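S.K.: Requesting a structural model of the entry that follows:
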Amino acid sequence: MARQLYDYWFVQFDFPDDNGKPYKSSGGKMVWNEKLKRDIPEGWNDGQLIDIANITMGQSPDGSTYNEIGDGALFYQGSTDFGMRFPSVRQFTTAPTRFAKQGDILMSVRAPVGTTNIANAHCCIGRGLAALNSKIGSITHLYHIIQDLKTAFDMRNDAGTTFGSITKDDLYRLAILKPDASVVLHYEKLCSQIFAKQMLIGENIDVLTKQRDELLPLLMNGQVSLCSQR
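M.R.: Numbering: from 1, shown residues only. This next block holds a predicted model:
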């Protein structure tokens, strides 16, 4: 639902105008933007990713600090840790360097560049990742911008120009469309509850997964048994 609304407002430009009608379809003024090579709504502009996102590039701790017993900070090295939406807990480090906060977008900066997950806990990030959050108050809007950038990377890969990695400077300078701030905040108001619900579901899954991993060996060893009621 959030993605469909994003496409409707920020791709087709049919966000609500001052009268509550679809902007472009109702004759809203469009102007040519030379940098983006397309018509955009009047008052909107082009920009760079760093204009709308706080970006933290990952840095891997010394390998001797890694462990799988929960000692230290949760650590994600790269997209190999990614799940469908949230990364899987696999490693920890006792010497964390760069951090992502709960709710940050985790973006792969090594092949496949642009793949994303959401950090569902405070964590350390390695050199294969960058952590992003919004400067303009809409993590949902930023998330879908990153999805669009991933599509652009994939198109270049399909054309034979493979991105093995992306540097900090190149990531900062990625060209984006900068909408009117009021439209972005209206979008956030509508979609933030969806994002928050996804975060809650992710947290519940982590709790249940931990319980399963703790109980299953006990069940297999006969230390606990299943009790069913009829």
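S.K.: residue contacts, the most centrally placed residue in the chain?
M.R.: The centroid of the chain falls nearest to I105 when counting by C-alpha atoms, centre = their mean (3.1 Å). Neighbouring residues of I105 by C-beta atoms under 8 Å, 6 or more residues apart in numbering: T116, N117, I118, A119, A131, L132, N133, I139, L142, Y143, I146. Every residue, glycine included, has its C-beta placed from N, CA and C.
S.K.: Distance check, K37 against A175.
M.R.: Distance, K37 to A175, using C-beta to C-beta, to the nearest Å: 10 Å.
S.K.: more crowded one of these two?
M.R.: A175 (13 against 9; other C-beta atoms under 10 Å).
S.K.: bridging residues for the more buried one?
M.R.: Note on A175: beta-bridge partners Q48, judged by DSSP bridges.
S.K.: Next one: it from N33, what distance?
M.R.: 10 Å.
S.K.: got any residues that touch both of these two?
M.R.: Residues touching both A175 and N33 (C-beta under 8 Å, 6+ apart): D46.
S.K.: Where does the closest residue to R127 other than its chain neighbours fall, secondary structure wise?
M.R.: Closest residue to R127 apart from its sequence neighbours, by C-beta to C-beta, 6 or more residues apart in numbering: S60 at 4.7 Å. For S60, there is no host helix or strand (DSSP states H and E).
S.K.: now for the helix or strand bottoming out on mean pLDDT in the chain, which elements pack on it?
M.R.: Sorting the helices and strands of the chain by mean pLDDT, DSSP states H and E puts helix 139-158 at the bottom, at a mean of 85. Helices and strands touching helix 139-158, by 3 or more C-beta pairs under 8 Å, 6 or more residues apart in numbering; DSSP states H and E, are helix 2-6, helix 49-52, strand 105-108, strand 116-118, strand 129-134, helix 181-220.
S.K.: Follow the chain on from it and name the next helix or strand.
M.R.: Using DSSP H and E, the helix or strand that follows helix 139-158 in sequence is helix 168-172.
S.K.: so where's this protein shaky on pLDDT?
M.R.: 156-163, 228-230 (pLDDT under 70).
S.K.: again, only this time at 90
M.R.: 1-2, 83-86, 88-89, 111-113, 120, 137, 150-166, 192-211, 213, 217-230 (pLDDT under 90).
S.K.: what angle separates the least confident helix or strand of the chain from strand 129-134?
M.R.: 140 degrees (axes from the mean of the first three to the mean of the last three C-alpha atoms, to 10 degrees).
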